[in-house]
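# Sequence first, then the predicted structure:
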Amino acid sequence: MEKTNSRIFAYILRWSLQTNWVQIQNRIRSASPTYMDIAKIIGRNRQTVMAYFHSYEEGGISGLQMKKTTGKPEKLSKEQQKQLADTIVNKTPAEVGFEAKYTWTLQLIADWIQQEFQQSFTPKGVSKMLHRLGFSYTKATYTLAKADPDEQGVQRSHFSSVEKGTGERSH
């Protein structure tokens, strides 16, 4: 393996702020370090050190710059995410084809995404995506759409009198 000062210099540039600088300098002055020597000093494996040297040979100093990792690409496009958000906010599950369902759940959203965009999501994946879109979890509360306000008032007063012990309880 050919050792060149430029390769060693490239390595030092990349790791000078993150490694034990004195150890590297002493090792370079004493003898030509091997990939394994450098790997031991910085706590990396030999293949990683070889990859750094290869990056330097291919691209010079700019080849050593750390690149931002982007992660896995999103399954839904921005437009699809906007459509999803709009659907959740403005429609009930029943309005988009889920029988007798009036509250969105993570599983219903995952099912709708599969039906609409042919993309598979777990409930946890849906939860994470909704969080990124600015949604937060709210426990569902149920109200009767066709309830009679007068009858509700009668029931409230009856319940109140039962709580106080002055009303009649039904068994």
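Received it, and whenever you're ready, just let me know what you need. Numbers count the residues shown, from 1 in each chain.

# show me where pLDDT drops low in this protein?
1-31, 139-146, 158-171 (pLDDT under 70).

# So Y56 versus D150, what's the distance?
The gap separating Y56 from D150 is 82 Å, by CB to CB, to the nearest Å. Glycine gets a C-beta too; all of them are placed from N, C-alpha and C.

# out of those two, which sits in the busier spot?
The neighbour count for Y56 versus D150, taken as other CB atoms under 10 Å, is higher for Y56 (22 against 8).

# Show me what the one helix or strand that one maps to is packed against.
Element membership of Y56 [criterion: DSSP states H and E] is helix 46-59. Here helix 46-59 touches helix 5-15, helix 35-42, going by 3 or more CB pairs under 8 Å, 6 or more residues apart in numbering; DSSP states H and E.

# tilt between that helix and helix 35-42?
Direction vectors for helix 46-59 and helix 35-42, defined by axes from the mean of the first three to the mean of the last three CA atoms, to 10 degrees, enclose an angle of 110 degrees.

# Next SSE downstream of helix 46-59?
Next in line after helix 46-59, if elements are assigned by DSSP H and E, sits helix 78-90.

# in that following helix, what's buried?
Residues of helix 78-90 classed as buried by neighbour count (16 or more other CB atoms under 10 Å): 81, 84, 87-88.

# Run through who's touching whatever helix or strand W112 lives in.
Here W112 sits within helix 106-117, counting by DSSP H and E. The contact list for helix 106-117, computed with CB atoms under 8 Å, 6 or more residues apart in numbering, reads 76, 80, 83-84, 87-88, 93, 96-98, 101, 119-127, 130.
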